[in-house]
Every structure is written in structure tokens, then in C-alpha cells.
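> Only the shape, not the letters, is given here:
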């Protein structure tokens with residue numbers, strides 16, 4: 001069973017994202033429309049996160065992404081298909097000691113807006129971001145040996161934040 005590891009926020013996460021951004025731009029080339037650092041490692045005011053860099057790539061045609069599986073595998077991104085979310089291509093890097101999650105969506109997919117609104121909301125509501133980070137620490141202590149229990153409880157709180165973020169963002173358009 002995967003253990004829950006939460007670390008204090010560090011600028012190194014932004015640097016790690018920048019390295020991967022460059023690498024992914026070289027691989028996805030003209031298929032790539034935009035690329036973003038998302039998740040808790042992208043929001044300093046959260047204060048704590050799993051040391052896994054979440055990356056959101058927006059592409060022209062999601063069906064063409066499967067053509068990149070071999071090349072992404074060569075740089076250690078394991079293709080997981082939709083992995084439970086229709087219209088997404090998901091890749092993990094680092095096996096059990098994951099370092100990156102790559103979420104790829106086609107332009108216009110509603111999940112792009114959800115991810116970007118969530119990040120934007122937390123940037124603009126540092127008190128909620130801090131509470132989210134504190135909850136992560138509390139749950140990591142409660143479930144140090146059971147990542148799935150940690151994830152389940154954390155997700156319940158994150159879902160409430162997503163609703164607040166959606167209401168706050170309104171009809172503001174992303175990609």
C-alpha cells in the first residue's frame with residue numbers, strides 16, 4: 001500500500017515543473033495548445049503537498065495523444081489511458097515513488113476550466129488555501145500508511161473547494 005507523504009511547499013516544485021514543461025513541449029510540439037502547472041505544488045499558500053508535480057496539457061486532438069505514448073514512455077511517463085475520466089489522457093512518472101502526473105485534455109474540455117478555476121481560486125483565497133494545506137497535514141498524520149483513506153477524505157474537502165471555485169469564477173473562460 002502506498003504511504004502518504006506530505007512536504008512543506010518549496011520553490012523547487014516550480015523548477016521541476018519548468019523542466020517538464022520544456023520536455024513536454026519538445027515531445028507534443030504542434031499538438032500542444034497550452035501547458036500549466038496545477039495542483040497543490042503550484043500554489044505556495046497551500047503550504048503543504050505531496051511532492052508530485054501535476055501538469056495540465058491542453059491539446060488540439062485528444063485522440064492523437066495515444067500516438068505519443070511510446071515517446072512519453074521513453075522519458076518515463078507511463079500511459080494510463082483515460083484512467084477513469086472520459087476525454088482525458090493520464091500519465092504517471094516515477095512508479096511507486098511518483099514525481100509527476102500529466103493530465104491531458106482537448107481544447108474545450110470542461111475539466112480544463114475546473115482545474116484552472118481551482119488553482120486561481122486558491123491563489124485569490126489564501127485563507128482557504130491554508131486550510132486545505134492544514135487538512136492535508138492532519139490527514140497525512142491520521143493515515144500515514146493508507147494513501148487511499150487520505151485521498152478519499154481530502155477529496156471530499158477538495159470537492160467543496162471546487163464548488164466554491166466554480167461559483168467564484170462564474171463564466172470566466174479558460175481553454
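Received, thanks. Small disclaimer: the values here were computed from a predicted structure and weren't measured.

> Kindly spell out which helices and strands sit in contact with the lengthiest helix in the chain.
In the chain, with assignment by DSSP state H, the single longest helix is helix 147-169. Packing contacts for helix 147-169, counted by 3 or more Cβ pairs under 8 Å, 6 or more residues apart in numbering; DSSP states H and E, involve helix 110-124, helix 126-142. To be clear about C-beta, it is placed using only N, CA and C from the backbone, and glycine gets the same treatment.

> most packed of those helices?
helix 110-124 (a mean of 18; mean count of other Cβ atoms under 10 Å).

> That one versus helix 126-142: what angle between them?
On the basis of axes from the mean of the first three to the mean of the last three Cα atoms, to 10 degrees, helix 110-124 is oriented at 100 degrees to helix 126-142.

> what angle do helix 110-124 and helix 147-169 make?
80 degrees.

> for the longest helix of the chain, which positions count as buried?
Of the residues in helix 147-169, those with enough neighbours to count as buried (16 or more other Cβ atoms under 10 Å) are 147, 150-151, 153-154, 158, 161-162, 165, 169.

> now it, how far from the centre of its chain.
Distance, stretch centre to chain centre, for helix 147-169: 13 Å (Cα atoms, centre = their mean, to the nearest Å).

> before we move on, back to that, out of the helices and strands packed on helix 147-169, which is closest to residue 46?
helix 126-142 (4.1 Å; Cβ to Cβ).

> and the closest one, what other elements does it pack with?
Using 3+ Cβ pairs under 8 Å, 6+ apart, the elements in contact with helix 126-142 are strand 48-49, helix 110-124, helix 147-169.

> mind putting these in CSV, distance to residue 27 and mean pLDDT included?
Putting the helices and strands packed on helix 126-142 into CSV (distance: least, Cβ to Cβ, whole Å; pLDDT from 0 to 100) gives the following:
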stretch, distance to residue 27, mean pLDDT
strand 48-49, 25, 96
helix 110-124, 20, 97
helix 147-169, 29, 95
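
> closest to residue 68 out of these?
helix 110-124 (18.5 Å).

> Packing partners of that closest one?
strand 32-38, strand 53-59, strand 100-106, helix 126-142, helix 147-169.
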